[in-house]
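> fold the following.
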Amino acid sequence: MSYSFDTKHYDEIMTRLNLQAREEYERAKQYSQKHSGQGLSSQKKRRILLVDDEPDICTVYQTVLEEAGYECISYTDSVKALQEFRANYYDLLLLDIKMPVLNGFELCKKIREIDKPVHIIFITASEAYYEKFRGQHFPELRKINYIQKPIGNEELVQMVNMIIANSIALD
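Numbering: from 1, shown residues only. Reported below is the predicted structural model:
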């Protein structure tokens, strides 16, 4: 069985995501200015927890997110990340799906017991793998945020900005 990759379809999706992220960011920025008299940049630094068993991915994503103005704490061990997890501390979690001991969905379930409302983006190299695990662990959910590896730095920041902006707008 062979699979082909339709770059046109991928480009259309990424363009839509980029536009949506910009719109969400602007909406959250306007909301923030209207309700606090301050822009997003003057608010507290948003914290992101990154868990991926690949050290190179952690290093790259952490660097990119810190350059974008986020505080990013990363772990290559999902068990250690869970042990050191604190409720109401993180604004967003980036969790790899395929990890030893605790995969991303198992980690998510345990974290949800500690901090139910925290926002999560799953990271995967395979959409089929994502769908399989989503179906096993979250069959009731139709849409879960996820990033498919590899992702460009700008797309990563835009996706994170969109989720953070949505959470600010809902506060």
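
> use CA for all of it now, contacts and neighbours both
Will do.

> please, where are all the helices along this structure?
Here the chain has its helices, by DSSP state H, at 7-36, 55-67, 78-83, 104-114, 127-137, 153-170.

> just the pLDDT for the nearest residue to residue 99 once chain neighbours are set aside.
With CA to CA, 6 or more residues apart in numbering as the criterion, residue 99 has its nearest non-adjacent residue at 5.9 Å, and that residue is residue 53. Listed pLDDT for residue 53 reads 94.

> quick check: which ranges of this protein have low pLDDT?
1-11, 13-43, 126-144, 168-171 (pLDDT under 70).

> first-to-last residue distance for stretch 69-77?
With CA to CA, to the nearest Å as the measure, stretch 69-77 spans 24 Å from end to end.

> flag every buried residue along that stretch.
70, 71, 72, 73, 74, 75, 76, 77 (16 or more other CA atoms under 10 Å).

> next one: stretch 102-109
Buried residues in stretch 102-109 (16+ other CA under 10 Å): 102, 103, 104, 105, 106, 107, 108.

> just to revisit the earlier point, spit out the contact partners of the residue nearest to residue 99.
Counting by CA atoms under 8 Å, 6 or more residues apart in numbering, residue 53 touches 75, 76, 77, 78, 96, 99, 100.

> biggest separation within those residues, which pair?
Distance extremes for the contacts of residue 53: the farthest pair is 75 and 100 at 12.8 Å, using CA to CA.

> nearest to residue 150 among the buried residues of stretch 102-109?
Distance to residue 150, by CA to CA, is smallest for residue 104 among the buried residues of stretch 102-109, at 17.2 Å.

> ok, that closest one touching residue 93?
No - with contact defined as CA atoms under 8 Å, residue 104 does not reach residue 93; the gap is 10.4 Å.

> surely residue 124 meets residue 146?
Yes - assessed by CA under 8 Å, residue 124 is found in contact with residue 146 at 7.4 Å.

> about what we covered before: okay if I get the contacts of residue 53 as a markdown table plus distance to residue 87?
Converted to a markdown table, these look like this (distance: CA to CA, whole Å):
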| residue | distance to residue 87 |
| --- | --- |
| 75 | 17 |
| 76 | 20 |
| 77 | 19 |
| 78 | 16 |
| 96 | 20 |
| 99 | 22 |
| 100 | 23 |
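
> CA atoms only for stretch 115-126 - export them in PDB, please.
Output of stretch 115-126 as PDB, limited to C-alpha atoms (Å, rounded to 0.1, in the frame of the first residue of the first chain):
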ATOM      1  CA  ASP A 115      -5.800  20.400  35.600                       C
ATOM      2  CA  LYS A 116      -8.900  19.800  33.500                       C
ATOM      3  CA  PRO A 117      -9.100  23.100  31.600                       C
ATOM      4  CA  VAL A 118      -5.400  23.300  30.400                       C
ATOM      5  CA  HIS A 119      -5.200  23.600  26.600                       C
ATOM      6  CA  ILE A 120      -3.400  20.800  24.800                       C
ATOM      7  CA  ILE A 121      -1.900  20.400  21.300                       C
ATOM      8  CA  PHE A 122      -0.800  16.900  20.400                       C
ATOM      9  CA  ILE A 123       2.300  16.400  18.200                       C
ATOM     10  CA  THR A 124       2.600  13.500  15.800                       C
ATOM     11  CA  ALA A 125       4.600  12.400  12.700                       C
ATOM     12  CA  SER A 126       1.700  10.300  11.400                       C
END
